[in-house]
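A.B. asks: sequence and computational prediction follow.
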Amino acid sequence: MVGLAPLPRAPGPPQNGGVTEFLAKTVRRAWTVGVRGLVQAVLSQAACIPLFVVTVVSIALLPVGAGLFLLPAAVLATRALADRQRAWAAEWSGVDVPSPYRPLPPAGSPFRRVAAMLRDPATWRDLLWTLLNVPVGLLLGLLPAALVVYGVEGVAVAPWIGHVATFGWGPFWMLDDWGIVGSVGSIALGALLVVLGAALGEGILKGHALFNRSLLAPTRGALAARVRELTATRADAVDASAAELRRIERDLHDGAQARLVALSMHIGLAEELMKRDPDAARGLLAEARAASGQALTELRDLVRGIHPPVLAERGLDGGVRALALTLPIPVDVRIGLRGRTDAPVESAAYFAVAEMLANVVKHSGARRAWVQIEQDPDRLVLLVGDDGAGGADPAQGGGMRGIERRLAAFDGTMAVTSPPGGPTVVTMELPCASSSPRTSPSSGTG
């Protein structure tokens, strides 16, 4: 006999566990949305208003000099707040707000730093955002919080005190006029407002995130300028790479290759003279051995110029210290690194320091030089200085211009301070990230 499958049960009401879980989830969402909205409302008043005022005052004080010191602090504080808004937009609402800021020159010359900030369109858009976010952030921040708080009041407060005092719950009704019906109604409507606050509040916060993106994200013009900058940087990097390949080819052709050809000729002549004139053959073999040693030395120097073995083995710290020991003048070295950086960044930093130290020895007439390397969470700062004659200018070309192009390929910057009579200080910055922690101290004198 064939058995019949049981008929499926009709869907029933959710079980107690499901209702409890739904309520708990709704309360958590409502609480989260309300708190986030309050945070946005408070920041719109407590942070945006002071930052707008301080920035405007700093700009007004630029002619008297005080703005040179106030404006960078105000701009960086505004950018920090804007970056926090970008992170919240992505985390809370899934809205991506890219950072539009151009790289700033290294701290040193306040004139160059302030000029770079004022030339960056993102600075002025940030200023406009701090002004417009005062009403927008207050409204869009308080609205989800008000729905939740208003609903909680209708559930937990109004029904229980409406009969002992004249109490009106919002614009909907007066509890004194409705009695027990009003109490039940306030609980129902309050619960509905809590649910709406949880559901609509996320959309309201997303609206605030979209408002932030309209002012804090890069504009089309900025993106086009960035594309042009990257195109120029890529072209410089390609040219530098081609020049480096030509240098390697030239060094191989004029150095090791010529010596290897001579080595082959000496060995061939020695083979012919081995029976007729052994003494002459031994002389040729001795010359061939010397040529092979010279060719090996040149090949090692060539490889060291491509990527020094000490850099691969001991990192930037050990590589720079070893480099300083080879110079004919004393070099003070102070290095504070959080860890090893990416190999391309490490190599660029090493060769930048090497080129600057080579310039010190060749052109400055200095009696002493110094190197200082520090690493922030997201950048590497290199300072190379000397007590020489000064007057260094990257615009004249040469090694400094090449290093500037090398750094630009990584979005790095270089600033030179070199008044006549010295001292000369070259400050270079490279974006980076640590890849491994250090296990030994990294500061000292070399």
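C.D. replies: Everything's here; your move. Numbering: from 1, shown residues only.
A.B. asks: just the helices in this structure please.
C.D. replies: 16-46, 48-60, 67-93, 110-119, 121-156, 158-161, 175-216, 220-251, 257-276, 278-306, 309-325, 343-359, 399-408 (DSSP state H).
A.B. asks: out of these, which comes closest to G365?
C.D. replies: helix 343-359 (11.4 Å; Cβ to Cβ). Where C-beta positions appear, they are placed from N, C-alpha and C, glycine not excepted.
A.B. asks: any idea of the mean pLDDT in that closest one?
C.D. replies: What helix 343-359 shows for mean pLDDT is 86.
A.B. asks: can you list the low-confidence ranges for the stretch 151-300 of the chain?
C.D. replies: Along the stretch 151-300 of the chain, the parts satisfying pLDDT under 70 run over 153-186, 221-245, 247-249, 251-256, 298-300.
A.B. asks: list the buried residues of stretch 46-66.
C.D. replies: 47-48, 51-52, 54-55, 58-59 (16 or more other Cβ atoms under 10 Å).
A.B. asks: whoops, I mixed them up, stretch 360-368
C.D. replies: Residues of stretch 360-368 classed as buried: 360-361, 363-364, 366 (neighbour count, 16+ other Cβ under 10 Å).
A.B. asks: for stretch 348-361, same thing?
C.D. replies: Neighbour-count burial for stretch 348-361 [16+ other Cβ under 10 Å]: 348-357, 359-361.
A.B. asks: one step back: output the helices of the chain as JSON lines; include the columns distance to V371.
C.D. replies: Listed next are the helices of the chain as JSON lines, based on distance: least, Cβ to Cβ, whole Å:
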{"stretch": "helix 16-46", "distance to V371": "42"}
{"stretch": "helix 48-60", "distance to V371": "34"}
{"stretch": "helix 67-93", "distance to V371": "26"}
{"stretch": "helix 110-119", "distance to V371": "22"}
{"stretch": "helix 121-156", "distance to V371": "33"}
{"stretch": "helix 158-161", "distance to V371": "71"}
{"stretch": "helix 175-216", "distance to V371": "38"}
{"stretch": "helix 220-251", "distance to V371": "23"}
{"stretch": "helix 257-276", "distance to V371": "35"}
{"stretch": "helix 278-306", "distance to V371": "19"}
{"stretch": "helix 309-325", "distance to V371": "6"}
{"stretch": "helix 343-359", "distance to V371": "6"}
{"stretch": "helix 399-408", "distance to V371": "14"}
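A.B. asks: from the buried residues of stretch 360-368, which two are the most distant?
C.D. replies: Greatest spatial distance among the buried residues of stretch 360-368 (Cβ to Cβ): H363 and A366, at 9.2 Å.
A.B. asks: intersection of neighbour lists for the two?
C.D. replies: By Cβ atoms under 8 Å, 6 or more residues apart in numbering, H363 and A366 have these common neighbours: G388.
A.B. asks: what about stretch 92-107, average pLDDT?
C.D. replies: Mean predicted confidence for stretch 92-107 is 83.
A.B. asks: i'd like the first residue to be 392 from this point on
C.D. replies: All set: I'll call the first residue 392, so the last point we hit is now stretch 483-498.
A.B. asks: one step back: nearest to D778, out of the helices of the chain?
C.D. replies: helix 734-750 (13.7 Å).
A.B. asks: which strands or helices does the closest one pack on?
C.D. replies: Helix 734-750 makes packing contacts with helix 700-716, strand 760-766, strand 770-777, helix 790-799, strand 815-822 when contacts are defined by 3 or more Cβ pairs under 8 Å, 6 or more residues apart in numbering; DSSP states H and E.
A.B. asks: contacts for it?
C.D. replies: By Cβ under 8 Å, 6+ apart, helix 734-750 touches 698-699, 702-703, 706-707, 710-711, 714-715, 718, 722, 731-732, 760, 762, 764, 771, 773, 775, 783, 789-791, 793-794, 797-798, 800-801, 803, 805, 817, 819, 821-823.
A.B. asks: same list (the buried residues of stretch 739-752) but as JSON lines, adding distance to Q431.
C.D. replies: As requested, the buried residues of stretch 739-752 are exported to JSON lines (distance: Cβ to Cβ, whole Å):
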{"residue": "A739", "distance to Q431": "41"}
{"residue": "A740", "distance to Q431": "41"}
{"residue": "Y741", "distance to Q431": "46"}
{"residue": "F742", "distance to Q431": "47"}
{"residue": "A743", "distance to Q431": "43"}
{"residue": "V744", "distance to Q431": "45"}
{"residue": "A745", "distance to Q431": "50"}
{"residue": "E746", "distance to Q431": "49"}
{"residue": "M747", "distance to Q431": "47"}
{"residue": "L748", "distance to Q431": "51"}
{"residue": "N750", "distance to Q431": "52"}
{"residue": "V751", "distance to Q431": "53"}
{"residue": "V752", "distance to Q431": "57"}
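A.B. asks: biggest separation within these, which pair?
C.D. replies: Once Cβ to Cβ is applied, the buried residues of stretch 739-752 give A739 and V752 as the farthest pair, at 20.8 Å.
A.B. asks: check the gap between G598 and L472 for me.
C.D. replies: Distance of G598 to L472, given as Cβ to Cβ, to the nearest Å: 19 Å.
A.B. asks: between these two, which one's more packed in?
C.D. replies: L472 (19 against 15; other Cβ atoms under 10 Å).
A.B. asks: T514 versus the nearest residue to the more buried one once chain neighbours are set aside, what's the distance?
C.D. replies: Distances taken as Cβ to Cβ, 6 or more residues apart in numbering put A438 closest to L472, at 5.6 Å, once the chain neighbours are dropped. Going from A438 to T514 by Cβ to Cβ gives 17 Å.
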